[in-house]
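A.B. asks: 3D, please:
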Amino acid sequence: MQAAHVRLIAPSGYPHDRAAMARGVARLREAGCTVEGLEVLERAELRFAGSDAERAADLNALATLDALPDVALAVRGGYGAIRLLDQLHYGALRERLAGSALALVGHSDFTAVQMALHARCGLVSLAGPMLGPDFGAAALSALTLTHFWRTLGAAHGEAAWDTDAEAGLDVEGPLWGGNLAMLCSLLGTPYFPRLDGGLLFVEDVGEPPFRIERLFYQLKLAGVLDRQRAVLLGDFTACRASAYDNGYDLAEAFAQLRRIAGIPVLGGLSFGHVPDKFTLPFGAPARLRAEGGRARLDFHGYPHLRHAAAPAGATAAPARQNP
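C.D. replies: The predicted structure follows:
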């Protein structure tokens, strides 16, 4: 089998950490990947990786390339993807990518692109590592790397972790989610997909606990939570309370979520703005089980490598262990 072909896309912030980007490209090449689209690493306009038109063109080009890459990999998050949603060629993207093996991969601000492509095209993408923050990290996470290649290298994937879940949970539905603030920013727009009976995974960074609670209330009052079968809590980093919060913290925000959700809420999922993260499909069928303080996701029906080879050694990822 030939090595994986990776194309870089930059729909959000400009690649300010040039050393991390260089490390990411080098590691992909060391793993045997062909990497193209390096020109996106040279673009910067204000806080964005080029103009809106340039960044939208990165995505629209996927509909017209002579040959599709195996992976379209976001270089970083930040902000800016939402500015592109009304410039994407959804009909052409649907026609070219539906049923293809192309894996669109990213997280954070990339959540907006994933939501829009699923809502308008029905496309399944992958919430996972990005070039700079993950492949280019000073210390590369073994869990992130091995789980990414293992997921891309097979038609079925799984993730297991320690959790505080209720015993005997066994539910199925479409797996979807991403950054909580980005999800809520698209409520009421044509770019918010309706996924009933879903397994919703969420994460966030830098939001105070009361804002996290408010975002969950937004999903609840909009009827989104009532249509799901479970919520999976990823990592919520740098979400610090202030002195005014008077003891109200992230744990209390999650406790309130559990009181209002009306569905199981599981913690401990390894996903978010942290070194260790699973690669999870957005919009693919999945089964969630929990028993004895352990949770397990099994999923299928997502784009994966069919003719390219995953790097050697990327066959087993360690399970997330939580205190």
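A.B. asks: which helices and strands does the helix or strand bottoming out on mean pLDDT in the chain pack with?
C.D. replies: Every helix and strand of the chain was ranked by mean pLDDT, DSSP states H and E. The lowest is strand 308-309, at a mean of 72. Judged by 3 or more Cβ pairs under 8 Å, 6 or more residues apart in numbering; DSSP states H and E, the packing partners of strand 308-309 are strand 2-3. (Glycine included, C-beta is placed from N, CA and C.)
A.B. asks: quick revisit: tell me which strands the least confident helix or strand of the chain pairs with, and in which orientation.
C.D. replies: strand 2-3 (parallel) (DSSP bridges).
A.B. asks: for the record, mean pLDDT for the partner strand?
C.D. replies: Mean per-residue pLDDT for strand 2-3: 74.
A.B. asks: Now L152. Its backbone dihedrals?
C.D. replies: phi -70, psi -20 (degrees, to the nearest 10).
A.B. asks: per-residue confidence at it?
C.D. replies: 97.
A.B. asks: re earlier: next one: the least confident helix or strand of the chain to chain centre, how far?
C.D. replies: 22 Å (Cα atoms, centre = their mean, to the nearest Å).
A.B. asks: show me what contacts H147?
C.D. replies: H147 makes contact with 159, 277-279, 317 under the criterion Cβ atoms under 8 Å, 6 or more residues apart in numbering.
A.B. asks: Make a markdown table from those and add pLDDT, neighbour count and distance to G37 to it.
C.D. replies: Output for the contacts of H147, formatted as a markdown table (pLDDT from 0 to 100; neighbours: other Cβ atoms under 10 Å; distance: Cβ to Cβ, whole Å):
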| residue | pLDDT | neighbour count | distance to G37 |
| --- | --- | --- | --- |
| A159 | 98 | 27 | 28 |
| K277 | 98 | 28 | 22 |
| F278 | 98 | 26 | 25 |
| T279 | 98 | 25 | 20 |
| A317 | 40 | 25 | 27 |
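A.B. asks: those strands in the stretch 1-150 of the chain, which residues are they?
C.D. replies: 2-3, 5-9, 34-36, 71-74, 103-106, 125-127 (DSSP state E, counting those that start in this stretch).
A.B. asks: Remind me what the fifth one packs against, helices and strands.
C.D. replies: What that stands for is strand 103-106. Packing partners of strand 103-106 (3+ Cβ pairs under 8 Å, 6+ apart): strand 71-74, helix 111-121, strand 125-127.
A.B. asks: A310 - how many residues pack around it?
C.D. replies: 24 (other Cβ atoms under 10 Å).
A.B. asks: show me the contacts for it.
C.D. replies: Contacts of A310 by Cβ under 8 Å, 6+ apart are 4, 149-150, 152-153.
A.B. asks: Quick check: the most centrally placed residue in the chain vs V113, distance?
C.D. replies: Among the residues of the chain, the one closest to the centroid is A127, at 2.2 Å (Cα atoms, centre = their mean). According to Cβ to Cβ, to the nearest Å, A127 and V113 sit 11 Å apart.
A.B. asks: ok, what's across the strand from the residue nearest to the centre of the chain?
C.D. replies: Taking DSSP bridges as the rule, A127 bridges to G106, L280.
A.B. asks: how near is it to G292?
C.D. replies: Taken as Cβ to Cβ, the span from A127 to G292 is 27 Å.
A.B. asks: Then P311?
C.D. replies: According to Cβ to Cβ, P311 and G292 sit 34 Å apart.
A.B. asks: which one of the contacts of H147 is nearest G136?
C.D. replies: K277 (14.3 Å; Cβ to Cβ).
A.B. asks: from what I can see the closest one touches S141, true?
C.D. replies: Yes - the pair K277 and S141 passes the contact test of Cβ atoms under 8 Å, sitting 7.5 Å apart.
A.B. asks: anything in contact with each of those two?
C.D. replies: Shared contacts of K277 and S141, counting by Cβ under 8 Å, 6+ apart, come down to D134.
A.B. asks: coming back round to it: quickly list what's touching both of A127 and V113.
C.D. replies: Contacts common to A127 and V113, judged by Cβ under 8 Å, 6+ apart, are G106.
A.B. asks: Tell me where the stretch 151-300 of the chain has helices.
C.D. replies: Applying DSSP state H, counting those that start in this stretch to the stretch 151-300 of the chain gives helices spanning 180-185, 209-221, 250-261.
A.B. asks: what about stretch 57-66, start to end distance?
C.D. replies: 15 Å (Cα to Cα, to the nearest Å).
A.B. asks: actually stretch 22-41, not the one I wrote
C.D. replies: Stretch 22-41: ends 9 Å apart by Cα to Cα.
A.B. asks: Show the average pLDDT along it.
C.D. replies: Mean predicted lDDT for stretch 22-41 stands at 97.
A.B. asks: For that stretch, buried residues please.
C.D. replies: Residues of stretch 22-41 classed as buried by neighbour count (16 or more other Cβ atoms under 10 Å): 23-25, 27-28, 31, 33, 35, 37, 40-41.
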